Every structure is written in C-alpha cells, then in structure tokens.
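Colleague: Have a look; sequence and predicted model below, questions after that.
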Amino acid sequence: MERLVKKLLITLLAVVVSILSYYFVTGWYNVITWAIAALVVGYMSENRRNSIINGFLFGYFLFLVYILLGYNGKIDTSSMVKFILFDVFFSLIGSVACIVGAIVGNLFKRK
C-alpha cells in the first residue's frame, strides 16, 4: 500500500510541476526545473528499479499534462483524437528522458 501511495504522490508531483512550469516558467527554462525534479525523484527512490519506475511515471505525466495545457487547436472530434494520440505517444519520449534523470539521481544517493 505504501508503494501505491508513493506512485500516486509522484504522479501528483508531475501534474503540479507541469502546471506550475506552464504558467510561471517561459521558454526552454522548463527543462531545468524538470531535470531537477527528475533528479529528486531518483534520489528519493529506494533502489535503481524503483527509480526507473518513478522516473517513467513522473516523465510521462509531466509531458502529458504540459502538452494538454498548451493545446489551442480545433475542438472537433477528429482534431482532438489526433492530438490526444500524439500527446500519449510523445509523452513516452518525456518518460525516457526522466528515467535517465531519475537513474542519475539514484546514483547520487549511492555515493
């Protein structure tokens, strides 16, 4: 049960970080805050396996919410479906990036 609560907190952290960075940080500076958050997620993980899982969750939901917030396109069904499919698959790239950050953060903990 404790692990589930941690996963939910990481998901909530990703949503909060993406909302805050969307509204308060402009330009490519978002990457700095996201990298720091990914390092913290990895540092707070118990082991390397958990850091990979936590990094995936954090990165996926971070990108998913951030891209959804920025949608300013058409609201017809076809456009929305295409955008949602793009967002779901593009968020996988964000999850890979945060996995790397989480692994590095976990390595800092071991030293």
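Modeller: Right, received. Where do you want to start? Numbers count the residues shown, from 1 in each chain.

Colleague: now the helices for this structure?
Modeller: Taking DSSP state H to define them, one finds helices in the chain at 2-24, 30-44, 48-69, 77-110.

Colleague: Dump the ones you listed into JSON lines; add mean neighbour count and mean pLDDT as well.
Modeller: Backbone N, C-alpha and C define where each C-beta goes, glycine included. As requested, the helices of the chain are arranged in JSON lines below (neighbours: other CB atoms under 10 Å; pLDDT from 0 to 100):
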{"stretch": "helix 2-24", "mean neighbour count": "15", "mean pLDDT": "89"}
{"stretch": "helix 30-44", "mean neighbour count": "19", "mean pLDDT": "91"}
{"stretch": "helix 48-69", "mean neighbour count": "21", "mean pLDDT": "92"}
{"stretch": "helix 77-110", "mean neighbour count": "16", "mean pLDDT": "90"}
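
Colleague: Tell me how far stretch 20-38 lies from the chain's centre.
Modeller: On the basis of CA atoms, centre = their mean, to the nearest Å, stretch 20-38 is displaced by 11 Å from the centre of the chain it belongs to.

Colleague: Residue 86 versus the residue with the largest distance to the centre of the chain, what's the distance?
Modeller: Taking CA atoms, centre = their mean, the residue of the chain most remote from its mean C-alpha position is residue 76, at 27.5 Å. Here residue 76 is placed at a distance of 15 Å from residue 86 (CB to CB, to the nearest Å).

Colleague: Contacts only, for residue 73.
Modeller: 79, 83 (CB atoms under 8 Å, 6 or more residues apart in numbering).
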